[in-house]
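Trainee: What follows is a predicted structure for the sequence shown.
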Amino acid sequence: MTTEVDDLFYERADTYIDIANDQTKKVNRGKVSASMMYATARFNSWISACKAESGEDLLEGKAEIIEYFVEQYRTMLDENLEDYASNFQDYMKRQD
């Protein structure tokens, strides 16, 4: 993973996952996933805006910002899909 991982990285991620899992009790997983992606995009836009001097400055860096976040997501998604494939039987145990 390209992102620097601090001691609480996975704990924070697990907190978001716990919230998402709780929401799937009320709506389907696809809707929860869409809301999480929107929230991530919104938060990352704010993070990017915090580094900009103006709206124009933000737009000038837009392509680079998008490339960075898309590449980070692609890497994380790839790693997690590989992990799920390798551990499918353990992770996806069906309760009858």
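Mentor: The structure has been received and is ready for your questions. Residues are numbered from 1 along each chain as shown.
Trainee: helix or strand right after the longest helix seen in the chain?
Mentor: Criterion DSSP state H: the longest helix present in the chain is helix 62-86. Per DSSP states H and E, the first helix or strand lying C-terminal to helix 62-86 is helix 88-91.
Trainee: sorry, back to before: which helices and strands does the longest helix of the chain pack with?
Mentor: helix 29-51 (3 or more C-beta pairs under 8 Å, 6 or more residues apart in numbering; DSSP states H and E). No exception for glycine: its C-beta is placed from N, CA and C like everyone else's.
Trainee: For the helix or strand following the helix it packs on, which outside residues touch it?
Mentor: Per DSSP H and E, the first helix or strand lying C-terminal to helix 29-51 is helix 55-60. With C-beta atoms under 8 Å, 6 or more residues apart in numbering as the test, helix 55-60 has contacts from 48-49, 52, 65.
Trainee: Filter these down to the buried ones and express that as a ChimeraX selection.
Mentor: Applying 16 or more other C-beta atoms under 10 Å to the contacts of helix 55-60, the buried members can be selected in ChimeraX as follows:
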select :48,65
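Trainee: Can you add distance to Glu82 and pLDDT and give the contacts of helix 55-60 back as JSON lines?
Mentor: Listed next are those as JSON lines, based on distance: C-beta to C-beta, whole Å; pLDDT from 0 to 100:
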{"residue": "Ser48", "distance to Glu82": "28", "pLDDT": "98"}
{"residue": "Ala49", "distance to Glu82": "33", "pLDDT": "98"}
{"residue": "Ala52", "distance to Glu82": "35", "pLDDT": "97"}
{"residue": "Ile65", "distance to Glu82": "27", "pLDDT": "98"}
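Trainee: From the contacts of helix 55-60, pick the one nearest Thr24.
Mentor: Ser48 (29.4 Å; C-beta to C-beta).
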